[in-house]
Every structure is written in structure tokens, then in C-alpha cells.
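> generate a structure from the sequence data that follows.
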Amino acid sequence: MSKIVSIGTANPRYCHRQDDILQFMLDATNPDEKSRKLLPLLYKRSGINTRYSVFPDFSLSRGNWHFFGNNCVSPTLEQRMKLFNEEVVNLSETAIKKCLKDTRVEEITHLITVTCTGLSAPGLDILLTEKLRLPANIIRTSVNFMGCYAALHALKIADAFCRADASSKVLIVCTEICTLHFQKSNHIDDVLSSTLFADGSAACLVSGNSKDSGLAIKQFFSKIALAGQPDMAWQLSGNGFLMTLKNHVPKLIKEEIGSLLHSCLNQLNLSRKDISHWAIHPGGKNILEAVENALALNHNDLAVSYDILRDYGNMSSATILFVLEKIMQKPHTRGNIFTVAFGPGITIETAMLSL
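A predicted model of the protein is given here:
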């Protein structure tokens, strides 16, 4: 049985208070009267205190902005991808070094890179192979543009590698620079996105050696709620990537999560009482509350997810690994961990882990 041996996380150097990002939004978008009243309400209800970004603009007053310019001119896709390529390798490397503090780079047999906020070729996998001095013949896989659930998809691939060869040590790194894609817009989809997304990186090491300590990977299960396809989407445009995020996404997740959990438990011949911890992707406060209500959980059951949302916001694919890292760090973590993340489709991806 393959195991998650270690997790390392990293954030860019600029930490922004949610109140400062709100002020930036008000200055940058010059909203109409209705939006000017709505924005403070959305930010106050977000459950987020701080978020991280690769640039300082969100804490600066108009006239001092760097990336967006004094008049908040929307950068082109080329400008956004240039900054992505300048920042993504170092941020990934920081997370990887934390993850591999007890493992030699030479032991790594596979590299899986995950991102949905930047695309280029040669990609992050090759850039990291060079930067980390990994073997030129290392087995590389890239998971691109799958959104917030992509870390669990990468874990599926790593688990398959380890089951095929127990000597495998698979390094996964999820790095997202979401704030690159801020849009100067008062459209409700862009406004909702502006309240949530942030930058971060998380790396994890998956080993095929069952004697290694760590989180055992017991099962994966996924479902697509096809009715929600138009409600959560991620598209390229000349002015960056455009997020569609409808406010009834939590309702759709609430309708699906109960039956999905039931199917997961049936496959493993487990019951609800066999779950000790809940690692829920903090896609937003409303999503966490929807899961909490649908599964009859209490706020404390999802405390780690709420904490990650409060301190970091939604870092897309990296976020669920932040949650798992914090659960692993608890001194007396034992038992089964039901892990779930959500993304375009609407896709609900789960993993049952145990420690």
C-alpha cells in the first residue's frame, strides 16, 4: 500500500490582509453604487483574514501599483505568463525542499507537476528537473488545467506508479499563482473570484514502500455533477484566465456529497463512525458550510479546513495538501481521513487515507 510520506508547503513573500485587498478592489475596479455596497459584504463573509500573492499591489494605494499599473490596466496573457514562469520554479522549489528534508533527491523516481494557472513548454516539470538536478531520465507527468481537485488526481497517478513498482518514490508538486489572473471587472463571477483566490505551493512525497510511515492511500472515488458544468469553469483569454464561479455551486455540492460518501464507505466496508478526520477542500466558506450541513458535521470537524481558508484563502490545487499537512502535524492523528476536493465539471474527487 502506497503512502504519503511527507508534505511541504510554501507561499510567496507578500501577505495581504483581506481588508487591504478589498480596498484595492474598490480602487481598481471603480464599481457602481450597487457593487460598492456588495463588495464589503462579500469580503466580510468570506471567512478569510489573509492571502498571499507574488506581487505587492494588493496592499498598496493607487499610484504605487507594480503589476497592474497606476490605472489598473489589464495585463495581457503574455505578461501574465511571463511573470508565472519567473515565479513558479522558486515557489515550487521552496515547497519541495520542505517536503524532502529527510529524503535525498537521488531517491526520487517520478515527478508529477500540477498547475492550472500557467502553461508553457518546456513546462514546470522540465524546469524543476534542471533546478533540482533530477536525473534526465526521471519519469515525468504533468497535470494541467484541472483546477482545485487536481492534487487528488495526481495522487491517483502516484498511487498507480507505486502499486506497479514498490520501489517508486513519487514527488508531486502543486503550484498555483491565482492572483496573476485578477480581472478589472464588476461582473459577479470576477467579483466572487476576487474574494477567494491566492497563491501557494504544496509538495508531497508518495512511497511504494509499505514500511514507510505516513498516510496510507486506501481508496479513490470521484463523481462528476454534470448539471453544474456551466457553473464552475476556467477559460483562457487574451487578458488572462477567466473564472466562472456561480453562487449556487455550494448547493450542487451539498446535493451530491452525501451519496458520494456513502459509495466510498460501501467500497471499503466502512461506516461513518470509522472516519476520524475530515479533510475538505476550503473552496470557500459557503462550500465548507454546505458540506458541513449535508454530512451533519459540526464546525469543529472541519476546523482545519476553516483555518486554512482563514489564513491562506483558496490556492486551487495546492490547498487540500495544506489541509492534509496540518492534519498530519497534529500530535495524536489516528484513523481514517476522508479527503475531498472540487473543481470544474463540477468534479468531486475523494481519497480515503489512514494513519
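> next, the nearest residue to Asp19 once chain neighbours are set aside: phi, psi?
Setting aside the residues directly before and after it, Asp19 is nearest to Tyr43 in space (C-beta to C-beta, 6 or more residues apart in numbering), at 7.4 Å. Every C-beta, even on glycine, is put in place using the N, C-alpha and C of the backbone. Summarising the backbone geometry of Tyr43 under the convention degrees, to the nearest 10, its torsions are phi -70, psi -40.
> confidence score at Tyr43?
Tyr43 carries a pLDDT score of 93 in this model.
> which residues sit in contact with it?
Taking C-beta atoms under 8 Å, 6 or more residues apart in numbering as the definition of contact, the neighbours of Tyr43 are 18-19, 21-22, 25, 195.
> apply 6 Å and report the result again.
With contact taken as C-beta atoms under 6 Å, 6 or more residues apart in numbering, Tyr43 is in contact with 18, 22, 195.
> from Ile21, how far off is it?
7 Å (C-beta to C-beta, to the nearest Å).
> got it, and Thr141?
Relative to Ile21, Thr141 is positioned 34 Å away (criterion: C-beta to C-beta).
> any low-confidence regions in this protein?
228-229, 231, 246, 248 (pLDDT under 70).
> could you list the domains of it?
Each structural domain of the chain that the record assigns through automatic domain parsing is listed here as a residue range: 3-207, 215-354.
> before we move on, back to that, most neighbours of all the contacts of Tyr43, which one?
Among these, the one with the most neighbours (other C-beta atoms under 10 Å) is Thr195, at 24 neighbours.
> what's near enough to touch that residue?
By C-beta under 6 Å, 6+ apart, the neighbours of Thr195 are 42-43, 46.
> count the neighbours of Tyr14 for me.
Counted with other C-beta under 10 Å, the neighbours of Tyr14 add up to 17.
> could you do Lys273 as well?
Other residues close to Lys273 by other C-beta under 10 Å number 6.
> distance of it from Leu297?
For Lys273, the distance to Leu297 equals 13 Å [C-beta to C-beta].
> hey, what's Phe221 bridged with?
On the basis of DSSP bridges, Phe221 takes part in beta bridges with Thr350.
> just the buried positions in stretch 314-330, please.
Residues of stretch 314-330 classed as buried under the neighbour-count rule (16 or more other C-beta atoms under 10 Å) are 314-328.
> scratch that, stretch 45-61
Buried positions in stretch 45-61, judged by neighbour count with 16+ other C-beta under 10 Å: 46-48, 50-60.
> now the end-to-end length of that stretch.
For stretch 45-61, the first and last residues are 23 Å from each other (C-alpha to C-alpha, to the nearest Å).
> what do you get for stretch 22-38?
Its start and end residues considered, stretch 22-38 measures 11 Å (C-alpha to C-alpha).
> now swap in stretch 175-188 and tell me
Where stretch 175-188 begins and where it ends lie 26 Å apart, using C-alpha to C-alpha.
> which residues touch it?
Contacts of stretch 175-188 with the rest of the structure, by C-beta under 6 Å, 6+ apart, involve 28-29, 31, 35, 53-54, 72, 74, 80, 84, 88, 91-92, 115, 117, 190, 197, 199, 201, 240-241, 315-318.
> for His277, what are phi and psi?
Dihedral pair for His277: phi -140, psi 150, per degrees, to the nearest 10.
> please read the previous query as pertaining to Pro122.
When read as degrees, to the nearest 10, the backbone of Pro122 gives phi -60, psi 140.
> and which of the buried residues of stretch 314-330 is nearest to Ile217?
Each of these was scored against Ile217 by C-beta to C-beta, and Leu324 proved nearest at 11.4 Å.
> separation between the closest one and Ser210?
19 Å.
> partner residues bridging the closest residue in space to Asn11 that isn't next to it in sequence?
With C-beta to C-beta, 6+ apart as the measure, Tyr52 is the residue that lies nearest to Asn11, at 4.0 Å, once sequence neighbours are left out. Beta bridges link Tyr52 to Cys15, judged by DSSP bridges.
> thinking Tyr52 is in contact with Thr9, fair?
No. With contact taken as C-beta atoms under 6 Å, Tyr52 and Thr9 are classed as non-touching, separated by 10.8 Å.
> before we move on, the earlier item: turn the contacts of Tyr43 into CSV, columns for distance to Leu127 and secondary structure.
Shown next, in CSV, are the contacts of Tyr43 (distance: C-beta to C-beta, whole Å; DSSP: H, G, I helix; E, B strand; the rest coil):
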residue, distance to Leu127, secondary structure
Gln18, 32, helix
Leu22, 35, helix
Thr195, 31, coil
